[in-house]
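Student: any chance you can model this:
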Amino acid sequence: MCGFAAFLAPERQFERAFLSRIDDDLFHRGPDSGGVVSEDGFALVFRRLSILDVAEIANQPMTDPSGNFTLVYNGEIYNYRQLRAELQGEGVRFRSTGDTEVLFQALMHWGVEPTIGKLEGMFAFVLIDRARQTAHAARDHFGIKPLYLRCVGSMVGLASEMRPLSRLAPVEIDERALAELMAFGWAAGSLSNLKGIERVEPGTLLRVSLRSGAIERTRFYDLTETLREKRSIDLDAAVEEADACIQDSLKAHLASDVGYTVQLSGGVDSSLLTALTVRETDRELDSFGVDLGDYEKNERQWREAVTRAYPLRHHEIPMGGNEFADTLPRAVEHMEGPVPHGGCVMLMRLCDELKSVSKVVIVGEGADEFFGGYERYALAGKTAWQERIGRLVPGGLIPDAWPFKGMKRLSGRDAAAWASVTRNTARVDRIFPGLAPVSGAREDASAKYADFVDRLFAVDQSCYLESLLVRQDKMSMAASVEARVPFVHQPVAKIVNSLPNSVRAPGGITKPLLKKVAERYLPHDLVNRRKIGLVLPYDEWCRDPSGVGRYLELLTDSDGMLGAYADRAELSSSVSRFRSGDPSEDRYMFRLINIELWMRSVRDLARQDSPTVIKRGAA
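Tutor: This next block holds a predicted model:
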């Protein structure tokens, strides 16, 4: 919906030129309107993407008539109509019709923590309370909307993206995050990729003193805790519950004064949401997909199965290796890190096209993490056994050959934390001997449970899911489009996470429960085909000099950033063998290019010419 930055510095004021630069940084997140509030002790910069109540009266920053409270908020509160009715019943009066004023009035009327307990939606906000000289900041339950924190002395910065915070002081790459990026493609937990900048974790409330800059933290929600209470229920009843809660969530997510479109990949998740959205829409619905041409894993035929079954105005956006390579640097820049998946580039291209139809797109992200959609859930029993054997037998004694490869890969590791890493990392470990990840957020999530499937869900929902949600936000907002994720919703999580694993993820098959729901609305062959997922021809594109291969030489340049962490001879040899077609060098070259492009963007960011932050002569 929007983007904001808040700077809190006791008894200080902020330069106009600095705030103007921040406005430029955030403009893509909200080109419809902007606003600045700057006073002794704090400054707020806001950009708006108008979706609910597009009238000027709903613009931000929003200040109450008394002048005591000011709010900046990014997101959508999907139960805002119910909250509005409840507030009106208690005597609160409204001037606008959207969700922003509902959130604002609720925070003032009920207080911050009671209000957060009532919210269903995606949000990040900062509320200034002048009377108490306090700022409250919060990030939603799942981390659908990003929020970053940086402290420089007594100054506290909070923002929807890292770039505004990088203007407070020079930035450096966080080597602990770099190690996780190399292994997993995403640095989990509070790691932002940059030293000194923290990604505020989902379900977190911050209370900041405007007098001292001191910060108090409260964790108001932990998604993994919803896995603890399991109910006894059979498959048929679970299908009914899952169908009902998905439909209810989708209806809430369709609230928009500017219409909406759907992202249709051809997979079960997006196809199901598309089918349900058509049923809820009284006009012809636009759908968008990315066409990979004659690539054997292009899923266009499955998108066509949906367009035959439902009345859609469907748009196919062509993408090959050249288009992918052209878009990749921009995707890395807006991701503020390596893209966690090549799908980020496709999503950016898709949003560039669909914004001419609507500012809102419905996407299927999150279904795999709640319904067990990855192969690791089908193979959970086997992987748990491999982990047990790997703990008993030293890794050096395990052959690196079938059928021992799984045990070799997981030896000495938490198998649930590393289940998403399907390749042997030994080759990359030799090239980058100092970049081995240490135990972190993934292992912490896994340690909460004894059951292996619960451990997989805990890791995916607390770590992997956030990478997908952040990419949805940043790739869509780069095009000034809001992506909505109906599968990632508090009522859905509460119901689905309480289901027994024997119903939701029994092994041997991926997301059987969701497929039972989907069979009610989609062709049988589409629902029950073997899951492919978005598998892109990375190696082919990386070997093509006119495609992603145009960036290969960056890895071995004398000014290469990643080379500083490498055995340069090993890196150079690896790139040469990859160019010659050696298959042993496949599967990770795209990740190295991806990381190198990001590291160079950080270097460029560190060289930026930032204006003075604090006004001269201020206390």
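Student: tell me where the stretch 1-150 of the chain has helices.
Tutor: 16-26, 80-89, 99-110, 112-116 (DSSP state H, counting those that start in this stretch).
Student: as CSV, those with mean pLDDT, mean neighbour count and distance to E304 would be great.
Tutor: Heads up, the C-betas are built off the backbone N, CA and C, glycines and all. Shown next, in CSV, are the helices of the stretch 1-150 of the chain (pLDDT from 0 to 100; neighbours: other Cβ atoms under 10 Å; distance: least, Cβ to Cβ, whole Å):
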stretch, mean pLDDT, mean neighbour count, distance to E304
helix 16-26, 96, 19, 39
helix 80-89, 98, 16, 37
helix 99-110, 98, 23, 37
helix 112-116, 98, 18, 44
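Student: closest to Y148 out of those helices?
Tutor: If you check each of those against Y148 by Cβ to Cβ, helix 16-26 wins as the nearest, at 12.2 Å.
Student: contacts made by the closest one with the rest, please.
Tutor: If you take Cβ atoms under 8 Å, 6 or more residues apart in numbering as the criterion, helix 16-26 is touched by 3-5, 34, 36, 38, 43, 45-47, 159-161, 163-164, 167, 610-613.
Student: if we use 7 Å, what do you get?
Tutor: For helix 16-26, contacts defined as Cβ atoms under 7 Å, 6 or more residues apart in numbering pick out 3, 5, 34, 36, 38, 43, 45, 47, 160-161, 163-164, 167, 610-613.
Student: select, out of the helices of the stretch 1-150 of the chain, the one closest to M407.
Tutor: Nearest of the helices of the stretch 1-150 of the chain (Cβ to Cβ): helix 112-116, 44.7 Å.
Student: return the distance of that closest one from the chain's centre.
Tutor: Its chain's average C-alpha position is 24 Å from that of helix 112-116, according to Cα atoms, centre = their mean, to the nearest Å.
Student: now swap in stretch 446-462 and tell me
Tutor: The chain centre lies 19 Å from the centre of stretch 446-462; the measure is Cα atoms, centre = their mean.
Student: in that stretch, what's buried?
Tutor: Burial within stretch 446-462, assessed by neighbour count using 16 or more other Cβ atoms under 10 Å, is assigned to 446, 448-449, 452-462.
Student: what of stretch 513-530?
Tutor: In stretch 513-530, counting by 16+ other Cβ under 10 Å, buried: 513-519, 521-523, 526-527, 529.
Student: in the protein, which helix or strand is least confident?
Tutor: Least confident helix or strand of the chain, by mean pLDDT, DSSP states H and E, is helix 405-410 with a mean of 76.
Student: buried residues in that helix?
Tutor: Applying 16+ other Cβ under 10 Å to helix 405-410 flags 406-410 as buried.
Student: can I get those in CSV including distance to A416?
Tutor: Listed next are the buried residues of helix 405-410 as CSV, based on distance: Cβ to Cβ, whole Å:
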residue, distance to A416
G406, 14
M407, 15
K408, 17
R409, 14
L410, 10
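Student: leaving out chain neighbours, which residue sits closest to A415?
Tutor: Using Cβ to Cβ, 6 or more residues apart in numbering and skipping the chain neighbours, the partner closest in space to A415 is E387 (3.6 Å).
Student: against D451, how distant is the one you found?
Tutor: 13 Å (Cβ to Cβ, to the nearest Å).
Student: what of A85?
Tutor: Remark: distance between A85 and D451 (Cβ to Cβ) = 41 Å.
Student: would you mind listing where the stretch 401-550 of the chain has pLDDT under the threshold?
Tutor: Filtered on pLDDT under 70, the stretch 401-550 of the chain yields the residue ranges 532-533.
Student: circling back: tell me, what's the model's pLDDT at the residue nearest to A415?
Tutor: Here, the pLDDT recorded for E387 equals 89.
Student: coming back round to it: right, and the helices of the stretch 1-150 of the chain - which one's nearest Y538?
Tutor: Here helix 16-26 is closest among the helices of the stretch 1-150 of the chain (Cβ to Cβ), at 30.9 Å.
Student: out of the buried residues of helix 405-410, which comes closest to A275?
Tutor: Using Cβ to Cβ, these come closest to A275 at G406, 37.0 Å.
Student: the residue nearest to R409 when sequence neighbours are not counted: neighbouring residues, count only.
Tutor: Of all residues not flanking R409 in the chain, N424 sits nearest, at 5.3 Å (Cβ to Cβ, 6+ apart). N424 has 14 neighbouring residues, counting by other Cβ atoms under 10 Å.
Student: return the residues in contact with N424.
Tutor: Contacts for N424 (Cβ under 7 Å, 6+ apart) come out as 405, 408-409.
Student: start from the N-terminal end of the stretch 451-600 of the chain and give the strands.
Tutor: Applying DSSP state E, counting those that start in this stretch to the stretch 451-600 of the chain gives strands spanning 482-484.
Student: gap between the residue nearest to R409 and W186?
Tutor: Distance from N424 to W186, by Cβ to Cβ: 19 Å.
Student: check the burial of R591 by counting its neighbours.
Tutor: With other Cβ under 10 Å as criterion, R591 counts 18.
Student: one step back: confirm that the residue nearest to R409 sits in a helix.
Tutor: No. Judged by DSSP: H, G, I helix; E, B strand; the rest coil, N424 forms no part of a helix; its state is coil.
Student: so G266 makes contact with W302?
Tutor: Yes. At 3.5 Å, G266 counts as touching W302 under the criterion of Cβ atoms under 7 Å.
Student: which helices and strands does the least confident helix or strand of the chain pack with?
Tutor: Under the contact criterion of 3 or more Cβ pairs under 7 Å, 6 or more residues apart in numbering; DSSP states H and E, helix 405-410 touches helix 380-392.
Student: give me the nearest residue to A135, chain neighbours excluded.
Tutor: Nearest to A135 is V208, by Cβ to Cβ, 6+ apart, at 4.4 Å.
Student: what helix or strand is that neighbour on?
Tutor: Element membership of V208, judged by DSSP states H and E, is strand 204-209.
Student: now G508: phi and psi?
Tutor: phi 90, psi -20 (degrees, to the nearest 10).
Student: and it, how many neighbours?
Tutor: For G508, using other Cβ under 10 Å, the count is 11.
Student: contacting residues for it?
Tutor: Contacts of G508 by Cβ under 7 Å, 6+ apart are A378.
Student: specify the beta-bridge partners of the residue lying closest to I128 once chain neighbours are set aside.
Tutor: Excluding the flanking residues, the one nearest I128 by Cβ to Cβ, 6+ apart is T70, at 4.5 Å. For T70, the beta-bridge partners under DSSP bridges are T63, I128.
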